[in-house]
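*Asks:* Task: produce atomic coordinates for the following.
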Amino acid sequence: MPAELRLIPCLADNYAVLLRDPVTEATAVVDVPEVAPVLAALEREDWTLTHILVTHHHTDHIAGVEALKERFGATVIGPKAEQDTIPGLDFAVVDGDPVAVGGLVGRVLETPGHTKGHIVFLFEGERLLFSGDTLFVMGCGRPFECAPPVLWESLARLRTLPDDISVYCGHEYTLANARFARSVDPDNAAVAARLEEIEALRAAGQPTLPTTIGAEKATNPFMRADDPELAARIGLAGAEPGAVFTELRALKNNFRG
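*Replies:* Sure, this is the predicted structure:
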């Protein structure tokens with residue numbers, strides 16, 4: 001039976017995601033920006049939380065971890081590199097470690113950049129990636145704790161995953177991301193079409209998640225820092241991908257479109 005998923009809006013623009021194995025009824029939440037919306041979703045579905053998967057230590061991803069662990073006795077799994085900053089951590093994981101939610105077995109990929117110890121959770125059998133703040137729909141996180149090229153290398157790694165992997169990220173930043181992508185890649189028909197789709201979704205109050213690896217490869221400028229045409233459009237013809245990514249990130253930081 002396929003995994004069951006519930007997307008949970010939290011705070012102003014965060015998401016948590018429930019992942020459930022319908023066979024064993026094991027249920028995980030990926031990141032906990034706040035407690036109340038997660039509890040409401042669990043109660044609505046009549047699910048019992050068994051696992052908490054943490055991508056990184058920022059407060060808007062861990063604020064509800066301790067309360068949910070205390071309530072359900074859930075097992076908390078998160079990055080070893082950030083184990084001192086994540087409350088209630090039971091298992092500190094590194095690249096390649098398996099992560100099981102009942103019969104759903106995934107693995108950890110280390111994706112430093114947004115934070116030094118950021119990880120993502122890949123469930124290949126379910127064609128699912130929980131990307132935290134490394135990869136957004138048509139965007140990426142800010143590189144707060146690493147140089148920008150470190151984040152580029154992490155995105156380049158995710159780009160090697162199969163196109164049909166569905167991606168659930170940590171924030172609803174998509175409309176601004178799509179408008180930025182259009183500004184730096186104005187001749188890309190796929191970007192233009194996706195911007196229209198996203199504008200319609202947001203106007204209707206609908207989420208833009210999930211995306212796919214294939215869609216991001218086609219329309220996310222941060223996944224294409226090694227594209228010579230994109231480099232030329234931002235005045236960096238012939239530059240190394242790390243430099244192109246750094247400039248793209250700087251442009252996005254100042255974008256007000």
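
*Asks:* Next one: Met1, what pLDDT does it get?
*Replies:* The confidence metric pLDDT takes the value 81 at Met1.

*Asks:* could you measure the closest residue to it other than its chain neighbours against Pro37, distance?
*Replies:* The shortest distance from Met1 to any non-neighbouring residue, by CB to CB, 6 or more residues apart in numbering, is to Pro22 (4.6 Å). All C-beta atoms are positioned from the backbone trio N, CA, C, and that covers glycine. Using CB to CB, to the nearest Å, Pro22 is found at 22 Å from Pro37.

*Asks:* higher neighbour count, those two?
*Replies:* Pro37 (18 against 14; other CB atoms under 10 Å).

*Asks:* Show me where the chain has its helices.
*Replies:* 35-45, 59-62, 65-72, 148-159, 174-184, 189-203, 213-219, 228-233, 241-253 (DSSP state H).

*Asks:* Serialize the ones you listed to JSON lines and add fields for mean pLDDT and distance to Val101.
*Replies:* Below are the helices of the chain laid out as JSON lines (pLDDT from 0 to 100; distance: least, CB to CB, whole Å):
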{"stretch": "helix 35-45", "mean pLDDT": "98", "distance to Val101": "14"}
{"stretch": "helix 59-62", "mean pLDDT": "98", "distance to Val101": "18"}
{"stretch": "helix 65-72", "mean pLDDT": "98", "distance to Val101": "14"}
{"stretch": "helix 148-159", "mean pLDDT": "98", "distance to Val101": "21"}
{"stretch": "helix 174-184", "mean pLDDT": "98", "distance to Val101": "26"}
{"stretch": "helix 189-203", "mean pLDDT": "98", "distance to Val101": "28"}
{"stretch": "helix 213-219", "mean pLDDT": "98", "distance to Val101": "21"}
{"stretch": "helix 228-233", "mean pLDDT": "97", "distance to Val101": "38"}
{"stretch": "helix 241-253", "mean pLDDT": "98", "distance to Val101": "33"}
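
*Asks:* mind putting those in TSV, distance to Leu104 included?
*Replies:* Formatted as TSV, the helices of the chain follow (distance: least, CB to CB, whole Å):
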stretch	distance to Leu104
helix 35-45	16
helix 59-62	21
helix 65-72	18
helix 148-159	20
helix 174-184	26
helix 189-203	28
helix 213-219	19
helix 228-233	36
helix 241-253	33
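
*Asks:* Glu126 is nearest to which of those helices?
*Replies:* helix 213-219 (13.9 Å; CB to CB).

*Asks:* Give me the contact list for the closest one.
*Replies:* 129, 135, 137-138, 158-159, 161-165, 167, 178, 181, 188, 190-191, 194, 223-224 (CB atoms under 8 Å, 6 or more residues apart in numbering).

*Asks:* List only buried entries from those residues.
*Replies:* Among these, those classed as buried by neighbour count (16 or more other CB atoms under 10 Å) are 129, 135, 137-138, 158-159, 161, 165, 167, 178, 181, 188, 191, 194, 223-224.

*Asks:* CA atoms only for stretch 95-108, dumped as PDB, please.
*Replies:* This file holds the C-alpha atoms of stretch 95-108, laid out as PDB (Å, rounded to 0.1, in the frame of the first residue of the first chain):
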ATOM      1  CA  ASP A  95      24.900  10.500   5.300                       C
ATOM      2  CA  GLY A  96      23.600   7.200   4.100                       C
ATOM      3  CA  ASP A  97      22.000   6.100   7.300                       C
ATOM      4  CA  PRO A  98      18.700   4.300   6.900                       C
ATOM      5  CA  VAL A  99      15.500   5.800   8.400                       C
ATOM      6  CA  ALA A 100      12.500   3.500   8.900                       C
ATOM      7  CA  VAL A 101       8.900   4.600   9.600                       C
ATOM      8  CA  GLY A 102       7.300   1.200   9.900                       C
ATOM      9  CA  GLY A 103       7.800  -0.500   6.600                       C
ATOM     10  CA  LEU A 104       8.700   2.700   4.800                       C
ATOM     11  CA  VAL A 105      12.500   2.800   4.600                       C
ATOM     12  CA  GLY A 106      14.400   5.800   3.500                       C
ATOM     13  CA  ARG A 107      17.900   7.200   3.900                       C
ATOM     14  CA  VAL A 108      19.600  10.300   4.900                       C
END
